[in-house]
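Engineer: could you work out the structure for the sequence below:
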Amino acid sequence: MRLSLAPRRAFCQRSGQGRRLGDPGAGRDQAVSATETVTLVLGEDSPVPETAADVEDLVLRLRGHVNQLGTLMPSQEPALLRAQQLCSVGLPEGYLPSRVHLVRLAEATQELIAKIRLDDVGVSRPARRLARWTPQINVLRGAVFAVALTCLVWAASVPRT
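Structural biologist: Sure, this is the predicted structure:
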């Protein structure tokens, strides 16, 4: 079996598995993602959610954003406590109360985003674990060749008895 000398792209690139929230390569920036969801609710051109399922879906998204942004802030931050309190309250029954709750939750999330951007909290993320370096196949081949050549030179220099 003969292996290609070209570097293998699929082997070198990491899949989405095993990524952590704090990693810069973990996907999109949390604040940007939360801003898009808040814009869906508070934007002037955004459509009004028509069904209760739409409202519930947006509330679940906003709760997820509050949880993710909460890991980037001190736990006693007033804006975070307000947003977490709104998240812990269940979705009210009825057309108007559910949409009012959705707007309040979006405003609280928007306040969290502003606080994170203002304080540059994203810069003080926990230290990343160092990724384990895995050599490319050509590096391994070169190392094996160097060891084999060294053994051959050593064996040739030993006197025969």
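Engineer: starting at the chain centroid, how far to stretch 80-97?
Structural biologist: With C-alpha atoms, centre = their mean, to the nearest Å as the basis, stretch 80-97 stands 26 Å off its chain's centre.
Engineer: distance between the ends of it?
Structural biologist: From its first residue to its last, stretch 80-97 covers 22 Å (C-alpha to C-alpha, to the nearest Å).
Engineer: where does pLDDT dip in the protein?
Structural biologist: Judged by pLDDT under 70, the chain has its weakly predicted residues at 1-28, 120-128.
Engineer: mind doing that once more with 50?
Structural biologist: For the chain, residues meeting the criterion pLDDT under 50 lie at 1-27, 121-122.
Engineer: where along it do the helices fall?
Structural biologist: In the chain, the segments counted as helices under DSSP state H are 9-12, 30-42, 52-70, 78-88, 95-119, 137-157.
Engineer: in TSV, list the ones you listed along with distance to L130.
Structural biologist: Every residue, glycine included, has its C-beta placed from N, CA and C. Converted to TSV, those look like this (distance: least, C-beta to C-beta, whole Å):
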stretch	distance to L130
helix 9-12	17
helix 30-42	22
helix 52-70	24
helix 78-88	30
helix 95-119	26
helix 137-157	19
